[in-house]
Structures are given as structure tokens and as C-alpha cells.
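Asker: What follows is a protein structure lacking sequence information:
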């Protein structure tokens, strides 16, 4: 998950259009998703984490299906990349609380550190 999150976040400069606008949009999306993910955890954080990760991956996989010769290719690629960014940001925020729920209290801190280290 770390590779997907940082790959989408740090690759905003390679998208079509202005590098400054792309970084601003990425910043705004990540800020709002960090705030929103706190409210999404009340019901089912595991389901939200898995669904957002799958949605982010699907959006990034859909980028490979965009034709290169169309005039709207850059816009669609930017939209899909930002949708992937949205999904990965929510999943990356929630993965730590979900990981803590998966392990028993005796090994919880060691397991969280291990899972955080391997990505």
C-alpha cells in the first residue's frame, strides 16, 4: 500500500497540465480525505479501508485503458489519478486502526511496527 500511496502522490508532477495546479489538487484531495476518513471509521473501518483501496487501484488500472490519441486524454488521466489518490489516501489513513484491530493485545505493538515497516 505504501508504494501505491506514495507513487500516486509523488507522481502528480508528471500528470498533464500545470505542475502547480496538479500539486494543489493533490494537496486539497489528501487534506479533505484525511479529515473525512476519521468520520468513516465509526461504522466499519475494515470495509471502508478495503473498498477505498480497491477503488483507488481500479482507478489507477483504468488509466492504462485511456487512449493516447484523444484530445481529452490528459483530463481523463488527471481525473482517474486523483480518484486513485482519493482511494489510497483513505486506505492509508485507516490501515493503522484496522491493523490494530486484527492482532491480539499481547503482540499488537510489535505487529503494527512490523506491518508498518514492510509496507
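Answerer: Great, that's in hand. This structure is a prediction, so every number in the text was calculated from the model and none was measured.
Asker: Next one, pLDDT for the residue of the chain most remote from its centre please.
Answerer: When distances are taken from the C-alpha mean of the chain, residue 106 lies farthest, 30.0 Å away, according to C-alpha atoms, centre = their mean. Per-residue confidence (pLDDT) for residue 106: 89.
Asker: same for the helix or strand hosting residue 36, what does it pack against?
Answerer: In this assignment (DSSP states H and E), residue 36 forms part of helix 19-40. Here helix 19-40 touches helix 73-102, going by 3 or more C-beta pairs under 8 Å, 6 or more residues apart in numbering; DSSP states H and E. C-beta: built from backbone N, CA, C; applies to glycine.
Asker: so what secondary structure elements neighbour the helix it packs on?
Answerer: Against helix 73-102 (3+ C-beta pairs under 8 Å, 6+ apart) you get helix 2-10, helix 19-40, helix 45-63, helix 108-118.
Asker: Reformat the ones you listed into CSV and put distance to residue 73 and mean neighbour count next to each item.
Answerer: Formatted as CSV, the helices and strands packed on helix 73-102 follow (distance: least, C-beta to C-beta, whole Å; neighbours: other C-beta atoms under 10 Å):
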stretch, distance to residue 73, mean neighbour count
helix 2-10, 18, 16
helix 19-40, 15, 14
helix 45-63, 10, 17
helix 108-118, 36, 12
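Asker: Could I get those helices in JSON lines, plus columns for distance to residue 88?
Answerer: Output for those, formatted as JSON lines (distance: least, C-beta to C-beta, whole Å):
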{"stretch": "helix 2-10", "distance to residue 88": "5"}
{"stretch": "helix 19-40", "distance to residue 88": "9"}
{"stretch": "helix 45-63", "distance to residue 88": "4"}
{"stretch": "helix 108-118", "distance to residue 88": "16"}
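Asker: how about the ones you listed, which one is nearest residue 82?
Answerer: When the helices and strands packed on helix 73-102 are compared by C-beta to C-beta, helix 19-40 sits nearest residue 82, at 5.8 Å.
Asker: relative to helix 45-63, how tilted is that closest one?
Answerer: Relative orientation of helix 19-40 versus helix 45-63 (axes from the mean of the first three to the mean of the last three C-alpha atoms, to 10 degrees): 150 degrees.
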